[in-house]
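with the sequence up front, the predicted model follows.
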Amino acid sequence: MYRRLLIAVIVLFSTTAFAQSFHDFGFSRSQNIAVRSQNEQLFSFPWAGGINSVKAAPFDLDFDGIEDLILFEKHGNRLLPFLNLGFPDSVAYLFAPQYSHFFPEVHNWVVLRDYNGDGKPDIFTYGLAGITVYKNVSSENEIRFQLITEQIQSYYYNGYTNLYTSPDDYLAIEDIDGDGDLDILNFWILGKYVHYHRNYSIEIFGDAEHLDFRLEDECWGHFEEAGESNAVILNSSCGQKDEPTRHVGSTLLVHDFDDDGLEDLLLGDIDYPNLALLRNGGTPQEALMVSVDTLFPSPSQPVWLYSMPVVSFGDVDNNGRDEMLVSPSDPSLTKSKDHHSLWLYKRDEVSGLYHKICEDFLQNQMVDVGSGAVPVLYDWNGDGLTDLFVANYGSYDSSKLVNGFLTSYYASSISYYKNIGNQYNPSFRLVTEDFGNLKRYGYQALCPTFGDFDGDGRTDLLCGSSDGTLLFFRNQGDTLPDFAPPAPNYAGIDVGDFSTPQLFDLDRDGRLDLIVGNRRGRIAYYHNMAPSGSSDFQCVTDTLGGVDVRDDDVSFFGYCVPRFFRNSQNETVLFCGNEQGTVVYYDLIDNNLSGTFRKKESALNETVGEGLYPISDGIRSAPAVADLDGDGYPDLLVGNYAGGLSLFMGTVPPPLAIDESRLPVPSLTVFPNPTAGCCTIALGEPARYNIAVYDLSGRQLSRMETAGSSIFSLDLTGYPDGLYIGRCESATGVRYFKVVKQ
């Protein structure tokens, strides 16, 4: 009956759009497949995509007067919006990725500051060796930004020129002199000294609308960083402009930590885990740093977070006071802590000291496996339900300085999430973060595929790795995995670096062939020559289908993760992850294995409201495809380098002529889902909505008509456990959703 109801919905859609041409696939982002931790904690937003290296900022996304939160993830240039539900003295957020489409493209670093005093935060982000600024021109419940300049200019010595900044630094953009406009602190181009660029907008124009900067002080605070470490030297005249022996990279934050009316400086440094608090003992007109605290915020709970910690402030628990968030910001993908990498501190208003509350703020509500998440869907226990495995490049273990430079160590593992739902309503529970106890071997970038390689009736494990070879783990157990020590260099296969294998009967001869992607962005094909039930792989080509997922304008590498499957017409198609973070779609594969596959779409799309947007959730995308809810449409999981997953449920394919320039209508989310009885329906913006709920027979159980709100309560108490279908109608269209009561 559930399938018939969905078919009816599809027919209704088709009657309004029969004359249009359609994409082959449709996807809609979702949080509605439940995920639980090992201790049965239900994640609030399991498919938020993971966190490695973020800077946070308050931003009222839905214009309800409550400060929401937006994170910038450096490892992938992602914006992660979270709606604050506004419960007093409580942390309660709803992941709202649809809002990210309202923001311009940003990269390397982002600082949100209101430069013109209109109460709306503007965007400062990295430009070409400088600072790009977008003005917030939002109005009438619509977020909009206007490009003001691609490079801020500052008056250096004899004239205006680009105000230089590194792509790795976080600048201090604050009203340093207290005159009402924003000034900028940045490091000298070779590090060591902090430059003060004063904004003369107030003095010259009488308002804060302008960005008229002048280099006012080449030795702000009268200190310098040591050339071979992160030590701070006080009472410096900054006179020696020699090149430091180590590379540069720092985070700057200005804040009056001791409430004496003077701006102190918090300094993070590349390759180091701590923050240094430089206390200002000068005057409002002339900063002078007089002491250095390298165990900020306290000796008992210092920030010790590899590498290059950056600090953000915001009232995350609605208590009227700002909390402190700390995360690594090292630009390297292989240096920083990645699991438990967003620390939350609260300030005691009596003592003024900051106390650490947790090390995984927001992360503890999402799937996050460290760095480089690669999902694989496979029914491990043979119960007919597709389970979820998530491998990683590795999770951070430790760091040490080698010849003055930071070296960090990672070990790869595979997390196993058992499907505890049913064929129409999947639900995953974490069983182990180290399936098969593989982390002990210390490999990087394990990428699993499952199959019976030796014909003994047990499911074995074959893994790609960072060196491009394959590792074979023979299963010696019956039900629980009991893998023998790895047999390296399986079948003598070496595809270069970062091998990503998949078992798939590519030529339809009844035997599983071996397909292996690699860092070059290509695919090698090994035909299985053995009788059914065993394996003998022979190389056919290392450039299967002419597939190459590199973007030559960006990188020499592609990091191809191939996923072949068969669509509803039983045609073989291919989805490929890549370094840029999109999912590339190829067809014309059957009877064409020696030819060139057609690149049907350079990037698969998600439908958001009535807009169409490329699926792009951070670098090094890794797809997994299966019909998880039994509705006949393939669903898509996409991993990224920040260690998380995004979920896109298969939907009716959108028309090719869809207006991609339209701003999206915020999506609908139901939580908790599954529910014991009561749940919340949240939409991104207040409007007039008609919401109805039906059982699987099509009988309407409840209906409500609302106006001026975006959050509604739904009570299924008294109804039997099971699956229910909801319909939400507004002036912009109709959405269907599922609610599970259990």
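Yes, it's here. What you see is a predicted model; the values in this text were computed from it and never measured.

tell me where the protein has helices.
According to DSSP state H, the chain carries its helices in the segments 2-16, 201-205.

mean pLDDT lowest for which of the ones you listed?
Note on the helices of the chain: helix 2-16 shows the lowest mean pLDDT, a mean of 37.

tabulate the CA atom coordinates of stretch 311-324 in PDB.
What follows is the C-alpha trace of stretch 311-324 in PDB, where atoms were taken according to Å, rounded to 0.1, in the frame of the first residue of the first chain:
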ATOM      1  CA  VAL A 311      38.400  30.500  18.300                       C
ATOM      2  CA  SER A 312      34.700  31.600  17.800                       C
ATOM      3  CA  PHE A 313      32.200  33.100  20.100                       C
ATOM      4  CA  GLY A 314      28.400  32.800  20.200                       C
ATOM      5  CA  ASP A 315      25.500  32.200  22.500                       C
ATOM      6  CA  VAL A 316      24.900  28.500  21.700                       C
ATOM      7  CA  ASP A 317      22.700  27.700  24.600                       C
ATOM      8  CA  ASN A 318      20.400  30.800  24.700                       C
ATOM      9  CA  ASN A 319      21.500  31.900  28.200                       C
ATOM     10  CA  GLY A 320      22.400  35.500  27.100                       C
ATOM     11  CA  ARG A 321      26.100  34.900  27.300                       C
ATOM     12  CA  ASP A 322      28.600  33.900  24.700                       C
ATOM     13  CA  GLU A 323      30.300  30.600  24.800                       C
ATOM     14  CA  MET A 324      33.700  29.800  23.200                       C
END
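
quick one: mean pLDDT for it?
Confidence over stretch 311-324 (mean pLDDT, whole number) is 96.

what do you get for stretch 284-301?
Per-residue pLDDT values over stretch 284-301 give a mean of 95.

now stretch 527-534
Regarding stretch 527-534, the rounded mean pLDDT is 84.

what's it in contact with?
Taking C-beta atoms under 8 Å, 6 or more residues apart in numbering as the criterion, the residues outside stretch 527-534 that touch it are 452-455, 506-507, 510-514, 535-538, 540. In short, each C-beta sits where N, CA and C put it, glycine included.

what about residue 465, how many residues nearby?
Residues contacting residue 465 under the criterion other C-beta atoms under 10 Å number 22.

ditto for residue 715
Residue 715 - counted by other C-beta under 10 Å - has 12 other residues nearby.

you'd agree it is up against residue 676?
No - at 10.9 Å, residue 715 and residue 676 do not qualify as touching, with contact defined as C-beta atoms under 8 Å.

what subset of the contacts of stretch 527-534 is buried?
Buried members of the contacts of stretch 527-534, scored by 16 or more other C-beta atoms under 10 Å, are 452-453, 506-507, 511-514, 535, 537.

is it true that residue 436 touches residue 461?
Yes - counting by C-beta under 8 Å, residue 436 does reach residue 461; the two are 6.5 Å apart.

common neighbours of the two, please.
Common neighbours of residue 436 and residue 461 (criterion: C-beta under 8 Å, 6+ apart): 473, 481, 483.

pull up the gap between the residue nearest to the second one when sequence neighbours are not counted and residue 524, please.
For residue 481, ignoring the flanking residues on the chain, the nearest one in space by C-beta to C-beta, 6 or more residues apart in numbering is residue 436 at 4.5 Å. Here residue 436 is placed at a distance of 25 Å from residue 524 (C-beta to C-beta, to the nearest Å).

next: residue 574.
14 Å.

and the closest residue to residue 579 other than its chain neighbours, how many neighbours?
In this structure, residue 579 finds its nearest non-sequential neighbour in residue 559, 4.3 Å apart by C-beta to C-beta, 6+ apart. Neighbour count of residue 559, defined by other C-beta under 10 Å: 28.

make sure residue 559 is actually in contact with residue 576.
No - Residue 559 is not in contact with residue 576 according to C-beta under 8 Å; the separation is 9.8 Å.

identify the contacts common to these two.
Both residue 559 and residue 576 are in contact with 517, 549, where contact means C-beta under 8 Å, 6+ apart.

picking up where we left off before, any idea which of the contacts of stretch 527-534 is closest to residue 394?
residue 514 (24.0 Å; C-beta to C-beta).

so what's the closest one bridging to?
Taking DSSP bridges as the rule, residue 514 bridges to residue 503, residue 526.

contacting residues for it?
Contacts were defined as C-beta under 8 Å, 6+ apart; by that measure residue 514 touches 462, 493, 501-503, 525-526, 528, 535, 537.

tabulate those residues (CSV), appending distance to residue 124.
Converted to CSV, these look like this (distance: C-beta to C-beta, whole Å):
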residue, distance to residue 124
462, 47
493, 48
501, 43
502, 43
503, 48
525, 48
526, 50
528, 55
535, 55
537, 53
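
the strands in the stretch 351-500 of the chain, which residues?
In the stretch 351-500 of the chain, strands defined by DSSP state E, counting those that start in this stretch lie at 354-358, 374-378, 387-391, 395-402, 405-411, 414-419, 427-432, 447-451, 460-464, 470-473, 500-504, listed in chain order.
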